[in-house]
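In: When you get a sec, could you give me coordinates for this:
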Amino acid sequence: MFESLTVLAPGLLGGSVAKAARSRGLARRIAVWSRRMETRAALRTAGWCDAVFETAAEAAHGSELVVICAPVDQIVPLVASIRPALSPGCVVTDVGSVKSAICRQSHAALAGAEACFVGAHPMAGSERTGHEHADAELFRGRPCFVTPLADTAPASIDRTVAFWRALDARVVTESPERHDEIVAHISHLPHALASSLCSLLSRRDPRWRDLAGNGLRDSTRIAASDADLWLSIFEQNREEVLRAISAFEDEVSCFRAALANSDRLALRSLLERGRSFRHSLR
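Out: Purely as a prediction, here's the structure:
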């Protein structure tokens with residue numbers, strides 16, 4: 001699909017993008033850049049990239065597609081920093097889990113340039129971080145949002161969609177605002193709940209953790225994720241996350257009222273709705 005592909009900040013997701021592109025023959029040349037010197041040194045021996053650069057702009061120079069895989073608060077500054085190096089027709093995309101501010105600010109950063117920003121967010125990942133955990137099959141069968149603005153060039157949208165489909169992701173096209181509403185409920189809220197539960201239990205008897213079964217481990221796995229990464233996500237999607245938390249508080253209030261009033265019918269109804277939804281998940 002591309003003569004040259006650039007991945008900026010290849011951690012778990014970025015490394016997986018590069019590995020998946022290499023294994024599927026999607027680019028003749030894969031260039032990467034990492035902020036940390038030691039990571040750049042390690043990447044020079046990786047078999048899934050061809051060139052490692054000292055600056056993001058050098059890595060992006062001449063590429064037809066640039067995939068930015070940095071934390072959400074670093075994406076827009078990176079877009080601005082690589083603008084002078086972008087070739088005409090280049091598409092810049094990302095993997096950030098918040099889209100509204102990133103898409104609009106990145107679009108503004110490229111205003112007047114002959115390159116285009118098209119936001120993306122693959123719903124794939126792990127509580128683990130770093131390129132050493134990258135997996136060429138990470139995106140197989142996983143949803144991937146593509147979030148163009150209303151005035152985004154159709155050809156750039158098509159190219160972005162085709163790229164993620166070539167990585168075997170299931171592409172869903174939504175507006176940036178609609179994306180943020182959806183992921184606030186299905187991704188950000190679950191993380192907030194898992195972290196809050198673990199925070200609560202951390203103040204209880206330490207011996208309790210050694211008595212827990214798989215239920216606690218399964219429901220709190222994502223709380224092990226990087227705190228700084230998630231701090232930026234919650235800050236950038238604050239309003240939608242707050243609305244999702246309010247909706248959850250209403251649901252918990254119903255559960256509490258049913259339990260307090262010994263209302264078995266209401267409690268069973270809630271439990272059955274939850275069970276049915278869980279069984280419906282892919």
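In: can we go C-alpha only for contacts and neighbour counts from here?
Out: Noted.
In: so where do the strands sit in the stretch 51-200 of the chain?
Out: Ranges of strands within the stretch 51-200 of the chain are 51-53, 65-68, 91-94, 116-117, 119-122, 143-147, 170-173, based on DSSP state E, counting those that start in this stretch.
In: Which residue ranges of the protein form helices?
Out: Counting by DSSP state H, the chain has helices at residues 12-23, 37-43, 56-60, 72-82, 100-109, 154-166, 176-183, 189-201, 214-220, 227-236, 238-260, 264-280.
In: and the strands of the stretch 51-200 of the chain as TSV, adding distance to residue 43?
Out: Output for those, formatted as TSV (distance: least, Cα to Cα, whole Å):
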stretch	distance to residue 43
strand 51-53	7
strand 65-68	16
strand 91-94	20
strand 116-117	26
strand 119-122	23
strand 143-147	26
strand 170-173	29
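In: Let me have those strands in TSV, extended by mean neighbour count, distance to residue 108 and mean pLDDT.
Out: Shown next, in TSV, are the strands of the stretch 51-200 of the chain (neighbours: other Cα atoms under 10 Å; distance: least, Cα to Cα, whole Å; pLDDT from 0 to 100):
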stretch	mean neighbour count	distance to residue 108	mean pLDDT
strand 51-53	19	26	96
strand 65-68	27	16	98
strand 91-94	26	13	98
strand 116-117	28	9	98
strand 119-122	26	13	98
strand 143-147	24	15	98
strand 170-173	17	21	98
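In: can you tell which of those is closest to residue 102?
Out: Closest approach to residue 102 among the strands of the stretch 51-200 of the chain (Cα to Cα): strand 119-122, 7.7 Å.
In: other SSEs contacting the closest one?
Out: Judged by 3 or more Cα pairs under 8 Å, 6 or more residues apart in numbering; DSSP states H and E, the packing partners of strand 119-122 are strand 91-94, strand 143-147.
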